[in-house]
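> output the structure for:
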Amino acid sequence: MSGQEHQHKDAPGNGGKGSLLALVLFWGCAGIYASLFMGWLVFPKLLYSEQNQPVDFSHAIHSDAAGMACEDCHFYREDGSYLGAPALEKCAECHTDVQTAEPVAADYTDAKEYRRKKARYDAEVLLVNEYVAKEKEIPWLVYSRQPDCVFFSHIAHTSPEAGAMECKECHGPVEEADTLPVYKENRITGYSIDIWGRNISGVKHNSWDSMKMDDCANCHKERKEDLKGMREPCFVCHK
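Have a look, this model is predicted:
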């Protein structure tokens, strides 16, 4: 048998192996893409429920137009404990009545700006009518609520001895936000997605992207010299 005949005879077999390999690669890649799709897009939708805050709030308006600082609403009590979400009486200091006039669509050439102004007006009307007038506390959804087994002291982190950390180091530049983000709650644990981080991969680009125990441990490790001998948190060694 000649070399040409031998090559021609084996060709169908080689082609079959090549087709099988291509088929395996195709379905392997399809499986990987399907897994990524499920893990990155579908699974988070199933794992987290979404809720809007009972009243929308613009940090930007209060910090810019009203000239308020973080500690005007989020402050320490006389005993040193920290008040996270402000009580209704704080809102009532300025909002016993609706302060802004209802925007008229005809006055705006920019439809987006009109919707923004209308949303702000509607939020204030809701605040005054449903909460201030009825003296009913606002059931805020807390993005940073920690498990019961976790104790966190704000005053220990903002004191000069701790390096006087700024609010935005953990909470981000919230003073620039014109609206509140959607609250996403883990259906299994009952805690906000902001504890893990809104980036589903868990990758952290900013100091405020997540509030996991490793984030606390890494920060304490980096600031070890600044902490002046303060004890490391238990979970650095007890994991």
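> residue ranges of the strands in this protein, please?
In the chain, the strands defined using DSSP state E lie at 48-51, 183-186.
> what are the buried residues along the first one?
With burial defined by 16 or more other C-beta atoms under 10 Å, the residues of strand 48-51 counted as buried are residue 48. Using the backbone N, CA and C atoms, a C-beta is placed for each residue, glycine as well.
> out of the helices and strands in the chain, which is least certain?
Considering only helices and strands, the least confidently modelled element of the chain by mean pLDDT, DSSP states H and E is helix 3-37, at a mean of 65.
> circling back to that earlier point, which one of the strands of the chain lies nearest to residue 57?
Set against residue 57 and scored by C-beta to C-beta, these come closest in strand 183-186, at 12.4 Å.
> what are the buried residues along the closest one?
Neighbour counts over strand 183-186 (16+ other C-beta under 10 Å) mark 183, 184, 185 as buried.
> that strand packs against which elements?
Using 3 or more C-beta pairs under 8 Å, 6 or more residues apart in numbering; DSSP states H and E as the contact criterion, the elements in contact with strand 183-186 are strand 48-51, helix 193-196.
> would you list the strands of the chain in CSV and tack on distance to residue 224 and mean pLDDT?
Conversion of the strands of the chain to CSV gives the following (distance: least, C-beta to C-beta, whole Å; pLDDT from 0 to 100):
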stretch, distance to residue 224, mean pLDDT
strand 48-51, 35, 94
strand 183-186, 32, 94
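> right, so of the ones you listed, which gets closest to residue 65?
Judging the strands of the chain by C-beta to C-beta, what sits closest to residue 65 is strand 183-186, at 25.1 Å.
> for residue 144, see how far away the most centrally placed residue in the chain is.
When C-alpha atoms, centre = their mean is applied to the chain, the residue found nearest the centroid is residue 194 (3.8 Å). Separation of residue 194 from residue 144 (C-beta to C-beta, to the nearest Å) stands at 6 Å.
> quickly list what's touching both of these two.
Listed as contacting both residue 194 and residue 144 by C-beta atoms under 8 Å, 6 or more residues apart in numbering are residue 211.
> hmm, back to that, out of the buried residues of strand 183-186, who's nearest residue 28?
Distance to residue 28, by C-beta to C-beta, is smallest for residue 184 among these, at 32.9 Å.
> residue 47 is in contact with that closest one, correct?
No: when contacts are counted by C-beta atoms under 8 Å, residue 184 is not listed as touching residue 47 (9.1 Å).
> any low-confidence regions in the chain?
Residues of the chain that meet the criterion pLDDT under 70 lie in 1-18, 33, 36-40, 161-163, 225-239.
> show me the helices in it, by range?
Under the criterion DSSP state H, the chain contains helices at 3-37, 43-47, 59-60, 70-73, 88-92, 111-126, 154-158, 168-171, 193-196, 213-222.
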